[in-house]
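Student: Using only what follows, build the 3D model:
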Amino acid sequence: MPRRTKIVATLGPATDGLQATRQLISAGVDVVRINFSHGTAAEQGRRVALARECAAELGRDLGVLADLQGPKIRIEGFGSNGPVTLEEGASFTLDAELAADAGDSGQVGITYKNLPGDVSAGDVLLLDDGLLALRVESVEGPRIHCRVEEGGSLSDNKGINRQGGGLSAPSLTDKDREDIRTAAELEVDYLAVSFPRKAEDMRRARELLREAGGQGGLIAKIERSEAIDDLDDICRESDAVMVARGDLAVEIGDAELPGVQKNIIHRARDLNRVVIVATQMMESMISQPRPTRAEVLDVANAVLDGTDAVMLSAETAAGRYPERAVEAMHRVCVGAEKQPRTRRSKHRLDSTFERIDEAIAMAAMYTANHLHVRALVALTESGSTALWMSRIRSGIPIYALTRHESTRRRVTLYRGVYPVNYDVLHHDPRRVLADAAEVLQKMEAVEEGDLVIFTKGDFEGIAGGTNAMKILRIGEHAA
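Tutor: Numbers count the residues shown, from 1 in each chain. The predicted structure follows:
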């Protein structure tokens, strides 16, 4: 059986070049990610073009995800004075008016000039992914006077978080707006929005992407504590969500993260949204050829909880072993998927459906899970039927047969769904299913005598028109 959980891998300097990119995709990557926090638009464009070229050579459909930088709330620099060491109990000031490279052991500038208005005495500010902690003692104009609670070495451009969230920085910056236009030009399949606080942030991002001519899906990166409070509405305004565990853990605390991650996965699937788990999944493989046991368990637990995809960041973008990181993640996913719990579901058994095509998808999956079916086949225009099917846990592969390249690339992120190029308009309507079965046989996905469930519409080529399910034994004639 093919791996059902999808792998997202970030492109970067470590994957630049034809051979490295081809090896990455051959190792099992389903979706490549470009990170607008690093590199230029031209560099990212070249990476996307090369990845698509390699995927075409390998006969693969490959999704592309563009990740916006979002607001960068960081300290400035120390110039020749840095890095500095902050001693526990010492005073330290964050100064919105200090020159960018004028920091020293007692003060440093900040990129987000409105930070003094967002904090007050008693707040805890966390620097460098929570490694250092400052307690605010007072705010005087542009200066935030703090006491060091947890010290350590501090270097230029480290991030700042407020424990518990609450910073007012807008989700979309001027740079993000420019990068959205670049993403539209690159025809990316997904656009990830960093630090959304509410559903309106996702609505605005979609408007900007559509205005720029982009048709990709929207991914909400859940990394602010406020986003947890508005999770359902954010999900409804998005096509997918990402559990972005770096900043999220800093804001809500490490102890809360496991439960929150499980809840995000559960709610996203309940709302028929795709979910990605990201950040430090195999961090040690940036410099080591094997993951730690803790990382293996982390990836496996995300798979057992039902995530659609797991993501590699610096492991592939800047690590020493990008290909091995993908191979290791593949092995862990396949191992976790052998557990029976990954194939059992009570998803929406008590729900009613608003659409006929959605009802057909649910009926097909229920039937498949209670019958010895080898595969499910969705003849689809938009991929929606395949998405609904993939919300139900099952060990049965779902093949999305579609004539649209954009749909094939989008479903690369759906758990247990595999894209197949098939144009229903080029087949005799009386033989559509029989011809589709022959395609699957040539792929060696099914063989003579297998039971297969097909879903289709009476009128081929119409999005949202799925209204029929048929069970076919391979080798029998079917229309």
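
Student: which residues of the stretch 101-250 of the chain fall in helices?
Tutor: Ranges of helices in the stretch 101-250 of the chain, per DSSP state H, counting those that start in this stretch, are 115-118, 174-185, 199-211, 225-229, 231-236, 245-252.

Student: among these, which is nearest Arg22?
Tutor: helix 174-185 (23.8 Å; Cβ to Cβ). For the C-beta atoms, the positions are set from N, CA and C on the backbone; glycine is no exception.

Student: A helix includes Gln19, no?
Tutor: Yes. With DSSP: H, G, I helix; E, B strand; the rest coil as the criterion, Gln19 is assigned to a helix.

Student: Distance-wise, check it relative to Glu43.
Tutor: Going from Gln19 to Glu43 by Cβ to Cβ, to the nearest Å gives 18 Å.

Student: Looking at the two, which has the bigger crowd around it?
Tutor: Taking other Cβ atoms under 10 Å, Gln19 and Glu43 do not tie; Glu43 has more neighbours (15 against 9).

Student: Which segments of the protein make up each domain?
Tutor: If you go by automatic domain parsing, the domain ranges for the chain are 6-70+170-338, 79-162, 356-473.

Student: if we can go back for a sec, for the helices of the stretch 101-250 of the chain, state which one has the densest average packing.
Tutor: Mean neighbour count (mean count of other Cβ atoms under 10 Å) peaks for helix 245-252 among the helices of the stretch 101-250 of the chain, with a mean of 22.

Student: quick revisit: kindly present the domains of the chain as TSV, with separate columns for mean pLDDT.
Tutor: Formatted as TSV, the domains of the chain follow (pLDDT from 0 to 100):
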stretch	mean pLDDT
domain 6-70+170-338	96
domain 79-162	95
domain 356-473	90
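
Student: so the spatially most central residue of the chain bridges to which residues?
Tutor: The centroid of the chain falls nearest to Ile276 when counting by Cα atoms, centre = their mean (4.0 Å). Residues in a beta bridge with Ile276, per DSSP bridges, are Met242, Ala309.

Student: Likewise for Leu401?
Tutor: Leu379, Val420.

Student: How many residues are close by it?
Tutor: For Leu401, using other Cβ under 10 Å, the count is 25.

Student: list the contacts for it?
Tutor: Val377, Ala378, Leu379, Thr380, Val420, Tyr422, Val424, Ala436, Val439 (Cβ atoms under 8 Å, 6 or more residues apart in numbering).

Student: roughly how far apart are the residue nearest to the centre of the chain and Asp239?
Tutor: Distance from Ile276 to Asp239, counting by Cβ to Cβ: 11 Å.

Student: so what sits against both of these two?
Tutor: Taking Cβ under 8 Å, 6+ apart as the contact rule, Ile276 and Asp239 both touch Ile219.

Student: And the nearest residue to Leu231 once chain neighbours are set aside, which helix or strand is it part of?
Tutor: Excluding its sequence neighbours, the residue lying closest to Leu231 (Cβ to Cβ, 6 or more residues apart in numbering) is Arg267, at 5.8 Å. Here Arg267 sits within helix 257-270, counting by DSSP states H and E.

Student: And that helix, what does it pack against?
Tutor: Helices and strands touching helix 257-270, by 3 or more Cβ pairs under 8 Å, 6 or more residues apart in numbering; DSSP states H and E, are helix 231-236, strand 240-244, helix 245-252, strand 274-278, helix 293-305.

Student: what's the neighbour count on Gly141?
Tutor: The burial count for Gly141: 9, using other Cβ under 10 Å.

Student: make that Leu18, sorry
Tutor: A count of nearby residues for Leu18, using other Cβ under 10 Å, gives 11.

Student: on that earlier part again, would you agree the residue nearest to the centre of the chain is in contact with Arg245?
Tutor: No. Counting by Cβ atoms under 8 Å, Ile276 sits too far from Arg245 to count as a contact (10.9 Å).

Student: Tyr399 in helix, strand or coil?
Tutor: Three-state assignment for Tyr399 (three-state DSSP): strand.

Student: any idea how far it lies from Tyr366?
Tutor: Separation of Tyr399 from Tyr366 (Cβ to Cβ): 18 Å.
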